[in-house]
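# here's a sequence, model it:
(4 chains)
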Number of protein chains: 2
Amino acid sequence: MTRRTGSRHAILAAAATEFARRGYAGANVDRIARAARLNKAMIYYHFRSKAALYREILKDMFDAVLARVRDVVASDAAPDAKVRAFIEAIAIEGEARPHFPAIWLREIAEGGEHVDAATLGYARDVLVALGRIIEEGRRKGRFHSANPMIVQAGIIAPLMFFLATAGVRRKLERAGAKGASTISQADLVRHIQRVTLAVLEGRLA
Amino acid sequence: MTRRTGSRHAILAAAATEFARRGYAGANVDRIARAARLNKAMIYYHFRSKAALYREILKDMFDAVLARVRDVVASDAAPDAKVRAFIEAIAIEGEARPHFPAIWLREIAEGGEHVDAATLGYARDVLVALGRIIEEGRRKGRFHSANPMIVQAGIIAPLMFFLATAGVRRKLERAGAKGASTISQADLVRHIQRVTLAVLEGRLA
DNA sequence: GTCTATAAATAGATAGAC
DNA sequence: GTCTATCTATTTATAGAC
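Predicted structure coming up:
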């Protein structure tokens, strides 16, 4: 646990915003520096490169999610409570970091080629955790067996989609799409919890 | 309907791939030219700028989706069939254009500031179309009233997520996440149709 | 319509003073 | 730790020949 300087922290915060807004390639080191009320040289003093700075932010993001998700898996709650908690864990971390959803969506879009081993490892671990919860529920006779990938797509995708579009939804509303901005995050989380459990418990008819 | 030259078409195809892979900022005009077996100058002969080329691709993408979605709304099918068809329309266009999902996800991630009026208009029109289907179902006593935004998030987000990650899922499988690549697109479409209808018909609780 | 330069701007990264 | 100045590479965009 090395002592964090104020400047290092300011850079990380500014960089997260910049990467979320413009993506890795579109992010500009100079703009990050100015947003952090510093200069480019300070960024290269604290971080090896633009790429290293980006990886640092990804790591912080996914570490937080994984820690929460693993606590959920390890807890002794009932399977349905674990599913609810899994969904909430992701929503909470996504809400705590305004840049989180956009960066995650971009990483997904990156798809095939570019994703590095570390990021891939995080994605796998989150998926594996969900798989364990489902499998435990199945052993206890509460859940049908289900493909974790398909269940996860119904959780993470809508959550990130929703969180990343808070700004656009307000614009949409003004452009004539009624109801685009009237849902709260809590409403969405509850909705996803209900739907996911209905799927897992085989209550869809 | 102006006559399309082969080179113009080749550029559009190469550009779609490049934008999908690297995003707008990460895309490189020279690389697009080489992929199209042409040179940069030809791109600027056919298109005003990199930005104009990108907008052209977005337009083609969203026009195709909107045309299909509007046909669905205008048809005289039953509400539940319209919902199924709406979901399929998006899946079909997403499948027909391999670059489509990644670009759409990135546009979502772009979120607040950068989205131009045209793209916003498309997003609105798709949402309005879904809203009409839901409202019709409600009038006919088949659906509960529901927020189109929340329903749409459960359709488009998982679909794009799934389609955009075909490559990653294979890698995930090798990295130890069982079942990551064993779902077919048809399976997912059916799953989303079932879930969406269960939500709209109030069969969850 | 297609090409080969090349201009002009942008942006990642570093040197070196304080 | 922090700054200014600068190097260097990349890249959008254009000029002009064929």
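
# show me what the lowest-mean-pLDDT helix or strand in chain A is packed up against.
Every helix and strand of chain A was ranked by mean pLDDT, DSSP states H and E. The lowest is helix A:166-174, at a mean of 80. For helix A:166-174, the packing partners by 3 or more C-beta pairs under 8 Å, 6 or more residues apart in numbering or on different chains; DSSP states H and E come out as helix B:100-114, helix B:117-139. Where you see a C-beta, it was placed from the backbone N, CA and C, and this is true even at glycine.

# what residues sit buried inside the last one?
Read it as helix B:117-139. Buried residues in helix B:117-139, defined by neighbour count with 16 or more other C-beta atoms under 10 Å in any protein chain shown: B:119-120, B:122-134, B:137.

# check the shortest one too.
Of all the residues in helix B:100-114, those buried under the rule 16+ other C-beta under 10 Å are B:100-112.

# one more: stretch A:51-59?
Neighbour-count burial for stretch A:51-59 flags A:Leu53, A:Tyr54, A:Arg55, A:Glu56, A:Ile57, A:Leu58 (criterion: 16+ other C-beta under 10 Å).

# same question, stretch A:163-183
A:163-165, A:168-169, A:171-173, A:175, A:177, A:179-181, A:183.

# redo the buried residues of helix B:100-114 as TSV? Include distance to chain A and pLDDT.
Shown next, in TSV, are these (distance: C-beta to the nearest C-beta, whole Å; pLDDT from 0 to 100):
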residue	distance to chain A	pLDDT
B:Phe100	11	94
B:Pro101	8	95
B:Ala102	4	95
B:Ile103	8	95
B:Trp104	8	93
B:Leu105	4	94
B:Arg106	5	95
B:Glu107	9	93
B:Ile108	6	91
B:Ala109	4	92
B:Glu110	8	87
B:Gly111	5	75
B:Gly112	3	58
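
# same list (those residues) but as JSON lines, adding distance to DNA strand C.
Output for those, formatted as JSON lines (distance: C-beta to the nearest atom of the strand, whole Å):
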{"residue": "B:Phe100", "distance to DNA strand C": "26"}
{"residue": "B:Pro101", "distance to DNA strand C": "26"}
{"residue": "B:Ala102", "distance to DNA strand C": "21"}
{"residue": "B:Ile103", "distance to DNA strand C": "21"}
{"residue": "B:Trp104", "distance to DNA strand C": "24"}
{"residue": "B:Leu105", "distance to DNA strand C": "22"}
{"residue": "B:Arg106", "distance to DNA strand C": "17"}
{"residue": "B:Glu107", "distance to DNA strand C": "20"}
{"residue": "B:Ile108", "distance to DNA strand C": "23"}
{"residue": "B:Ala109", "distance to DNA strand C": "18"}
{"residue": "B:Glu110", "distance to DNA strand C": "16"}
{"residue": "B:Gly111", "distance to DNA strand C": "19"}
{"residue": "B:Gly112", "distance to DNA strand C": "19"}
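
# in helices, which of the buried residues of stretch A:51-59 fall?
Among those, the members falling in helices (DSSP state H) are A:Leu53, A:Tyr54, A:Arg55, A:Glu56, A:Ile57, A:Leu58.

# shaky segments in chain A?
Along chain A, segments meeting pLDDT under 70 span A:1-4, A:112-113.

# get me the contact residues on it for DNA strand C.
Applying C-beta under 7 Å from any atom of the strand, we find that chain A lies next to DNA strand C at A:Ala27, A:Asn28, A:Val29, A:Asp30, A:Lys40, A:Ala41, A:Tyr44, A:Ser49, A:Lys50, A:Ala51.

# quick check, stretch A:141-152 touching chain B?
Yes - under the criterion of C-beta under 8 Å from any C-beta of the partner chain, stretch A:141-152 makes contact with chain B via A:Asn147, A:Pro148, A:Met149, A:Ile150.

# of those residues, buried ones?
Looks like those have A:Asn147, A:Pro148, A:Met149, A:Ile150 buried, using 16+ other C-beta under 10 Å.

# now flag whichever of those is closest to A:Ala85.
A:Pro148 (16.0 Å; C-beta to C-beta).

# quick one: contacts for A:Val168?
B:Ile108, B:Gly111, B:Gly112, B:Val115, B:Leu120, B:Ala123 (C-beta atoms under 8 Å, 6 or more residues apart in numbering or on different chains).

# show me which of the buried residues of helix B:117-139 neighbour chain A.
B:Leu120, B:Ala123, B:Arg124, B:Leu127, B:Val128, B:Gly131.

# just after the least confident helix or strand of chain A, pick out the following helix or strand.
helix A:185-200 (DSSP states H and E).

# so which of the buried residues of stretch A:51-59 is the closest to A:Arg70?
Using C-beta to C-beta, A:Leu58 comes nearest to A:Arg70 of these, at 17.9 Å.

# please name the nearest non-neighbouring residue to that closest one.
Excluding its sequence neighbours, the residue lying closest to A:Leu58 (C-beta to C-beta, 6 or more residues apart in numbering or on different chains) is A:Thr119, at 6.0 Å.

# also A:Glu136?
Leaving aside its sequence neighbours, A:Glu136 is closest to A:Pro79 (5.7 Å, by C-beta to C-beta, 6+ apart).

# with DNA strand C as the reference, measure out to the one you found.
46 Å (C-beta to the nearest atom of the strand, to the nearest Å).

# ok, and of the residues of chain A next to DNA strand C, which contact DNA strand D?
Here is what survives when those are matched to DNA strand D using C-beta under 7 Å from any atom of the strand: A:Lys40, A:Ala41.

# now, of the residues of chain A next to DNA strand C, which are buried?
Burial by neighbour count, judged by 16+ other C-beta under 10 Å, picks out A:Ala27, A:Val29, A:Lys50 from these.

# output those as CSV; include the columns secondary structure.
Output for those, formatted as CSV (DSSP: H, G, I helix; E, B strand; the rest coil):
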residue, secondary structure
A:Ala27, coil
A:Val29, helix
A:Lys50, helix
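
# that's all I had, so thanks and see you.
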